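> Give the three-dimensional model of this entry:
(one chain, ligands or ions: 1)
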Amino acid sequence: MANMDGSTKPLIIWLGTNTCAGDMLSFLNAKDPGYEELISSIAELRFDYLLSASEGSDAINVLDDLQKNHKAAYILVVEGSIPTRSNGLYSVIGYRNGKAWTALQAVRELGAAARYVVAAGTCAAFGGIYAAAPNPSECVSLQAVLDRKVINVPGCPINPEWMMGTLNHLIQYGEPALDDDNRPKLFYGETIHNLCQRRDYFDNSIFAAKPGEPWCMYKIGCKGPVTYADCPVRQWNGEHLSWPVKANTPCIGCASPEFSDGSVPFFEHLPDVKLPGIKVTANRVGQLTGVVTALGIGAHLIGSILTGRFAETLKKDLPRGSKLKLRQRLKKIH
Ligand code: SF4
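Below you'll find the predicted structure:
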(Lines give C-alpha, C1' and ligand atoms only; values in the text may rest on other atoms or scores of the structure.)
Protein backbone atom coordinates (compact mmCIF):
# COMPACT_ATOMS: atom_id res chain seq x y z
CA MET A 1 0.00 0.00 0.00
CA ALA A 2 1.38 3.41 -0.96
CA ASN A 3 1.98 6.15 1.57
CA MET A 4 0.35 9.50 0.92
CA ASP A 5 3.46 10.75 -0.87
CA GLY A 6 3.57 7.72 -3.20
CA SER A 7 6.32 5.78 -1.37
CA THR A 8 5.48 2.19 -0.57
CA LYS A 9 7.93 1.12 2.10
CA PRO A 10 7.08 1.17 5.81
CA LEU A 11 8.18 4.43 7.40
CA ILE A 12 10.34 4.68 10.51
CA ILE A 13 11.23 7.60 12.76
CA TRP A 14 14.15 7.04 15.15
CA LEU A 15 14.05 9.79 17.75
CA GLY A 16 16.76 10.44 20.36
CA THR A 17 15.81 11.89 23.75
CA ASN A 18 18.01 11.56 26.86
CA THR A 19 20.43 9.00 25.49
CA CYS A 20 24.14 8.33 25.17
CA ALA A 21 23.47 7.22 21.56
CA GLY A 22 24.67 3.73 22.42
CA ASP A 23 21.56 2.02 21.07
CA MET A 24 21.83 3.49 17.60
CA LEU A 25 25.56 2.78 17.56
CA SER A 26 24.89 -0.81 18.57
CA PHE A 27 22.08 -1.08 16.01
CA LEU A 28 24.54 -0.18 13.25
CA ASN A 29 26.25 -3.53 13.93
CA ALA A 30 23.18 -5.50 12.88
CA LYS A 31 23.71 -8.19 10.28
CA ASP A 32 21.32 -10.15 8.05
CA PRO A 33 19.66 -7.76 7.59
CA GLY A 34 22.00 -4.93 8.40
CA TYR A 35 21.27 -1.23 8.73
CA GLU A 36 22.04 -0.55 5.07
CA GLU A 37 19.66 -3.26 3.89
CA LEU A 38 16.97 -2.03 6.26
CA ILE A 39 17.02 1.50 4.91
CA SER A 40 17.59 0.57 1.26
CA SER A 41 15.15 -2.27 0.69
CA ILE A 42 12.98 -3.01 3.74
CA ALA A 43 11.84 0.32 5.16
CA GLU A 44 12.28 4.03 4.77
CA LEU A 45 14.02 5.65 7.69
CA ARG A 46 12.57 9.14 7.30
CA PHE A 47 14.21 10.57 10.41
CA ASP A 48 17.22 9.40 12.39
CA TYR A 49 18.36 11.79 15.13
CA LEU A 50 21.96 10.68 14.70
CA LEU A 51 22.35 10.00 10.98
CA SER A 52 19.86 12.18 9.10
CA ALA A 53 21.57 14.59 6.71
CA SER A 54 19.02 17.34 7.35
CA GLU A 55 19.08 19.52 10.43
CA GLY A 56 17.28 22.47 11.99
CA SER A 57 13.87 23.33 10.57
CA ASP A 58 14.37 20.97 7.60
CA ALA A 59 14.59 18.05 9.99
CA ILE A 60 11.69 19.21 12.13
CA ASN A 61 9.57 19.65 9.00
CA VAL A 62 10.09 15.95 8.20
CA LEU A 63 8.64 15.04 11.59
CA ASP A 64 5.76 17.49 11.15
CA ASP A 65 4.92 15.98 7.79
CA LEU A 66 4.94 12.43 9.14
CA GLN A 67 2.74 13.35 12.06
CA LYS A 68 0.19 15.24 9.95
CA ASN A 69 0.17 13.28 6.70
CA HIS A 70 1.08 9.72 7.62
CA LYS A 71 -1.15 8.88 10.54
CA ALA A 72 -0.90 5.23 11.64
CA ALA A 73 1.60 4.64 8.82
CA TYR A 74 4.94 4.90 10.61
CA ILE A 75 6.83 3.15 13.38
CA LEU A 76 8.12 5.52 16.03
CA VAL A 77 11.33 4.30 17.68
CA VAL A 78 12.42 6.31 20.71
CA GLU A 79 15.90 5.97 22.18
CA GLY A 80 16.42 7.50 25.63
CA SER A 81 14.37 8.33 28.68
CA ILE A 82 11.99 11.28 28.88
CA PRO A 83 12.78 14.10 31.31
CA THR A 84 9.61 15.56 32.82
CA ARG A 85 10.98 18.27 35.09
CA SER A 86 10.25 21.87 34.01
CA ASN A 87 7.75 20.61 31.42
CA GLY A 88 10.44 18.52 29.77
CA LEU A 89 12.92 21.32 29.05
CA TYR A 90 15.88 19.06 29.90
CA SER A 91 15.59 17.45 26.46
CA VAL A 92 14.75 19.57 23.44
CA ILE A 93 14.32 17.94 20.02
CA GLY A 94 14.39 21.22 18.09
CA TYR A 95 12.45 24.46 17.64
CA ARG A 96 9.02 24.95 16.14
CA ASN A 97 7.61 28.43 15.56
CA GLY A 98 10.51 29.80 17.58
CA LYS A 99 9.70 27.69 20.62
CA ALA A 100 11.51 24.72 22.12
CA TRP A 101 9.90 21.41 21.15
CA THR A 102 10.66 19.15 24.07
CA ALA A 103 11.14 15.40 23.90
CA LEU A 104 8.08 15.12 26.15
CA GLN A 105 5.92 16.99 23.62
CA ALA A 106 7.49 15.26 20.62
CA VAL A 107 6.95 11.68 21.82
CA ARG A 108 3.37 12.46 22.81
CA GLU A 109 2.52 14.08 19.48
CA LEU A 110 4.44 11.66 17.26
CA GLY A 111 3.40 8.69 19.42
CA ALA A 112 -0.30 9.49 19.11
CA ALA A 113 -0.11 9.29 15.31
CA ALA A 114 2.22 6.27 15.02
CA ARG A 115 1.23 2.76 13.99
CA TYR A 116 3.61 1.23 16.52
CA VAL A 117 5.76 2.77 19.22
CA VAL A 118 9.01 1.04 20.13
CA ALA A 119 11.32 1.89 23.03
CA ALA A 120 14.95 1.24 22.03
CA GLY A 121 17.17 0.51 25.02
CA THR A 122 16.59 0.36 28.75
CA CYS A 123 16.39 4.15 29.23
CA ALA A 124 13.41 4.42 26.87
CA ALA A 125 11.88 1.15 28.04
CA PHE A 126 12.18 1.58 31.80
CA GLY A 127 13.92 4.88 32.62
CA GLY A 128 17.35 3.27 32.93
CA ILE A 129 20.46 5.18 33.91
CA TYR A 130 18.95 8.65 33.38
CA ALA A 131 16.20 7.80 35.87
CA ALA A 132 18.69 6.51 38.46
CA ALA A 133 18.73 8.28 41.83
CA PRO A 134 18.80 11.20 42.39
CA ASN A 135 17.28 11.68 38.92
CA PRO A 136 17.54 15.50 38.85
CA SER A 137 15.72 15.88 35.53
CA GLU A 138 12.89 13.52 36.66
CA CYS A 139 13.36 11.12 33.79
CA VAL A 140 10.79 8.40 33.19
CA SER A 141 10.19 5.66 30.66
CA LEU A 142 8.43 6.27 27.36
CA GLN A 143 5.45 4.23 28.52
CA ALA A 144 5.02 6.51 31.54
CA VAL A 145 4.18 9.49 29.32
CA LEU A 146 2.10 7.75 26.63
CA ASP A 147 -1.48 6.48 26.75
CA ARG A 148 -0.84 3.75 24.23
CA LYS A 149 1.14 0.52 24.19
CA VAL A 150 4.91 0.78 23.90
CA ILE A 151 6.87 -2.27 22.72
CA ASN A 152 9.97 -2.41 24.88
CA VAL A 153 13.33 -3.54 23.52
CA PRO A 154 15.59 -2.98 26.53
CA GLY A 155 19.32 -3.46 26.95
CA CYS A 156 22.18 -1.10 27.71
CA PRO A 157 22.73 -0.97 24.84
CA ILE A 158 20.30 -3.03 22.78
CA ASN A 159 21.64 -6.05 21.01
CA PRO A 160 21.30 -5.00 17.33
CA GLU A 161 19.36 -8.16 16.52
CA TRP A 162 16.77 -7.53 19.24
CA MET A 163 15.84 -4.28 17.51
CA MET A 164 16.29 -5.46 13.92
CA GLY A 165 14.20 -8.54 14.69
CA THR A 166 11.48 -6.51 16.37
CA LEU A 167 11.26 -3.99 13.51
CA ASN A 168 11.14 -6.73 10.90
CA HIS A 169 8.50 -8.63 12.86
CA LEU A 170 6.35 -5.48 13.03
CA ILE A 171 6.77 -4.89 9.32
CA GLN A 172 6.24 -8.48 8.15
CA TYR A 173 3.87 -10.01 10.70
CA GLY A 174 2.67 -7.29 13.07
CA GLU A 175 3.17 -7.22 16.80
CA PRO A 176 5.26 -10.07 18.25
CA ALA A 177 4.21 -11.96 21.39
CA LEU A 178 5.16 -9.83 24.39
CA ASP A 179 5.88 -10.60 28.03
CA ASP A 180 4.42 -8.75 31.03
CA ASP A 181 6.90 -5.90 30.51
CA ASN A 182 5.96 -5.63 26.82
CA ARG A 183 9.25 -7.16 25.66
CA PRO A 184 9.22 -9.51 22.63
CA LYS A 185 9.34 -13.06 24.00
CA LEU A 186 11.43 -13.99 20.98
CA PHE A 187 14.42 -12.32 22.61
CA TYR A 188 13.47 -11.93 26.28
CA GLY A 189 11.57 -15.15 26.92
CA GLU A 190 14.16 -16.92 29.07
CA THR A 191 16.57 -15.94 31.82
CA ILE A 192 20.23 -15.49 31.08
CA HIS A 193 20.85 -17.98 33.89
CA ASN A 194 18.91 -20.73 32.12
CA LEU A 195 20.84 -20.17 28.88
CA CYS A 196 24.24 -19.61 30.47
CA GLN A 197 27.21 -21.77 29.49
CA ARG A 198 28.35 -21.60 33.14
CA ARG A 199 25.12 -23.01 34.56
CA ASP A 200 26.87 -26.27 35.42
CA TYR A 201 29.26 -24.34 37.64
CA PHE A 202 26.34 -22.72 39.45
CA ASP A 203 24.58 -26.05 39.91
CA ASN A 204 27.77 -27.52 41.32
CA SER A 205 28.66 -24.51 43.51
CA ILE A 206 31.82 -23.53 41.70
CA PHE A 207 31.93 -19.77 41.89
CA ALA A 208 34.33 -17.07 40.77
CA ALA A 209 35.78 -15.06 43.65
CA LYS A 210 36.70 -12.14 41.41
CA PRO A 211 36.12 -10.95 37.83
CA GLY A 212 38.42 -12.61 35.35
CA GLU A 213 37.88 -16.13 36.65
CA PRO A 214 36.21 -18.71 34.40
CA TRP A 215 33.52 -19.86 36.88
CA CYS A 216 29.96 -18.96 37.72
CA MET A 217 29.73 -15.23 38.50
CA TYR A 218 26.80 -15.50 40.91
CA LYS A 219 28.69 -14.71 44.08
CA ILE A 220 30.29 -11.63 42.60
CA GLY A 221 26.99 -10.12 41.59
CA CYS A 222 25.77 -11.84 38.45
CA LYS A 223 22.16 -10.80 37.77
CA GLY A 224 21.68 -13.58 35.20
CA PRO A 225 19.18 -15.44 37.41
CA VAL A 226 16.75 -12.51 37.31
CA THR A 227 17.45 -11.06 33.86
CA TYR A 228 15.45 -12.10 30.83
CA ALA A 229 17.50 -11.93 27.61
CA ASP A 230 19.19 -14.33 25.21
CA CYS A 231 22.72 -12.86 25.50
CA PRO A 232 24.44 -16.24 26.16
CA VAL A 233 23.25 -17.75 22.89
CA ARG A 234 22.95 -14.67 20.66
CA GLN A 235 26.06 -12.90 21.93
CA TRP A 236 27.41 -9.55 20.78
CA ASN A 237 30.05 -7.66 18.81
CA GLY A 238 28.33 -7.99 15.45
CA GLU A 239 29.78 -11.43 14.80
CA HIS A 240 28.20 -13.08 17.87
CA LEU A 241 31.58 -13.24 19.53
CA SER A 242 31.09 -12.73 23.23
CA TRP A 243 28.92 -11.52 26.11
CA PRO A 244 29.76 -10.33 29.65
CA VAL A 245 29.99 -13.71 31.41
CA LYS A 246 32.03 -15.15 28.54
CA ALA A 247 34.35 -12.17 29.06
CA ASN A 248 34.60 -13.21 32.75
CA THR A 249 32.54 -10.41 34.26
CA PRO A 250 29.06 -10.65 35.83
CA CYS A 251 25.85 -9.80 34.02
CA ILE A 252 24.64 -6.50 35.50
CA GLY A 253 21.00 -7.01 34.52
CA CYS A 254 20.90 -4.16 32.00
CA ALA A 255 17.77 -5.47 30.24
CA SER A 256 15.71 -5.56 33.44
CA PRO A 257 13.09 -2.99 34.46
CA GLU A 258 15.02 -2.47 37.73
CA PHE A 259 18.24 -1.42 36.02
CA SER A 260 20.29 0.46 37.14
CA ASP A 261 19.27 1.33 40.72
CA GLY A 262 18.05 -2.22 41.29
CA SER A 263 21.29 -3.76 40.03
CA VAL A 264 23.78 -2.01 42.30
CA PRO A 265 26.18 -2.79 43.80
CA PHE A 266 27.10 -4.55 40.57
CA PHE A 267 29.58 -6.88 42.27
CA GLU A 268 27.34 -8.08 45.11
CA HIS A 269 24.48 -10.49 44.69
CA LEU A 270 21.15 -8.97 45.62
CA PRO A 271 19.96 -10.20 49.01
CA ASP A 272 16.23 -10.51 48.42
CA VAL A 273 15.89 -11.47 44.79
CA LYS A 274 13.63 -14.39 43.93
CA LEU A 275 15.43 -16.72 41.64
CA PRO A 276 13.17 -17.91 38.82
CA GLY A 277 12.66 -21.65 38.88
CA ILE A 278 14.50 -22.07 42.19
CA LYS A 279 11.77 -20.53 44.39
CA VAL A 280 14.04 -19.39 47.19
CA THR A 281 15.70 -16.10 47.90
CA ALA A 282 19.19 -15.36 46.70
CA ASN A 283 20.40 -15.41 50.29
CA ARG A 284 18.97 -18.86 50.75
CA VAL A 285 20.71 -20.02 47.61
CA GLY A 286 23.87 -18.46 48.98
CA GLN A 287 23.42 -20.43 52.22
CA LEU A 288 22.65 -23.62 50.36
CA THR A 289 25.61 -23.27 48.06
CA GLY A 290 27.76 -22.47 51.09
CA VAL A 291 26.64 -25.69 52.78
CA VAL A 292 27.20 -27.72 49.66
CA THR A 293 30.60 -26.14 49.26
CA ALA A 294 31.54 -26.86 52.85
CA LEU A 295 30.58 -30.48 52.33
CA GLY A 296 32.41 -30.45 49.05
CA ILE A 297 35.71 -30.01 50.84
CA GLY A 298 35.39 -33.64 51.93
CA ALA A 299 37.00 -36.16 49.67
CA HIS A 300 33.75 -38.04 49.16
CA LEU A 301 31.94 -35.15 47.50
CA ILE A 302 34.97 -34.16 45.51
CA GLY A 303 34.95 -37.69 44.18
CA SER A 304 31.27 -37.55 43.36
CA ILE A 305 31.62 -34.16 41.66
CA LEU A 306 34.40 -35.54 39.58
CA THR A 307 32.24 -38.40 38.42
CA GLY A 308 29.10 -36.29 37.86
CA ARG A 309 27.89 -34.55 34.71
CA PHE A 310 30.06 -31.59 35.61
CA ALA A 311 33.21 -33.68 35.67
CA GLU A 312 34.16 -33.45 32.03
CA THR A 313 33.84 -29.69 31.88
CA LEU A 314 35.69 -29.25 35.13
CA LYS A 315 38.54 -31.53 34.14
CA LYS A 316 38.90 -29.62 30.91
CA ASP A 317 39.18 -26.29 32.72
CA LEU A 318 41.53 -27.39 35.50
CA PRO A 319 45.24 -27.91 34.97
CA ARG A 320 46.71 -31.43 35.01
CA GLY A 321 46.78 -33.34 38.31
CA SER A 322 44.08 -31.09 39.57
CA LYS A 323 42.43 -32.91 42.47
CA LEU A 324 44.45 -30.83 44.87
CA LYS A 325 43.60 -27.68 42.91
CA LEU A 326 39.93 -28.55 43.09
CA ARG A 327 40.20 -28.99 46.84
CA GLN A 328 41.82 -25.56 47.13
CA ARG A 329 39.25 -24.13 44.81
CA LEU A 330 36.35 -25.37 46.90
CA LYS A 331 37.96 -24.00 50.04
CA LYS A 332 38.35 -20.64 48.37
CA ILE A 333 34.71 -20.57 47.34
CA HIS A 334 33.63 -21.34 50.87
S1 SF4 B 1 24.75 -16.82 37.97
FE2 SF4 B 1 25.45 -15.80 36.08
S3 SF4 B 1 27.41 -16.80 35.53
FE4 SF4 B 1 26.33 -18.12 37.02
S5 SF4 B 1 25.20 -19.56 35.76
FE6 SF4 B 1 23.80 -17.89 36.27
S7 SF4 B 1 24.00 -16.46 34.55
FE8 SF4 B 1 25.75 -17.83 34.42
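> What are the boundaries of the helices in this structure?
22-27, 35-37, 56-69, 103-113, 122-126, 160-172, 185-188, 192-195, 199-203, 231-234, 282-296, 299-307, 311-317, 323-333 (DSSP state H).
> Against which helices or strands is the first one packed?
Contact here means 3 or more CB pairs under 8 Å, 6 or more residues apart in numbering; DSSP states H and E; on that basis helix 22-27 packs against strand 116-120, helix 160-172. Yep, even glycine has a C-beta here, placed from its N, CA and C like the rest.
> These into JSON lines, with extra columns for mean neighbour count and distance to residue 74?
Conversion of the helices and strands packed on helix 22-27 to JSON lines gives the following (neighbours: other CB atoms under 10 Å; distance: least, CB to CB, whole Å):
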{"stretch": "strand 116-120", "mean neighbour count": "27", "distance to residue 74": "9"}
{"stretch": "helix 160-172", "mean neighbour count": "21", "distance to residue 74": "11"}
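> For the protein, list the residues in contact with the ligand, please.
With CB under 6 Å from any ligand atom as the criterion, the chain comes near the ligand at residues 192-193, 196, 198-199, 202, 216-218, 222, 224-225, 245, 251.
> dump the residue contacts of whichever residue of the stretch 1-150 of the chain sits closest to the ligand.
Ranked by CB to the nearest ligand atom, the top residue of the stretch 1-150 of the chain for proximity to the ligand is residue 122, at 18.1 Å. When the contact criterion is CB atoms under 8 Å, 6 or more residues apart in numbering, the partners of residue 122 are 128, 129, 154, 155, 156, 254, 255, 256, 259.
> Same check on residue 221?
Residues in contact with residue 221, defined by CB under 8 Å, 6+ apart, are 250, 252, 265, 266, 267, 268, 269.
> so which of those comes closest to the ligand?
Within the contacts of residue 221, distances to the ligand taken as CB to the nearest ligand atom reach their minimum at residue 250, with 6.4 Å.
> okay, that closest one: pLDDT?
The predicted local distance difference test score for residue 250 is 97.
> Tally up the residues packed near it, please.
For residue 250, the neighbour count with other CB atoms under 10 Å is 23.
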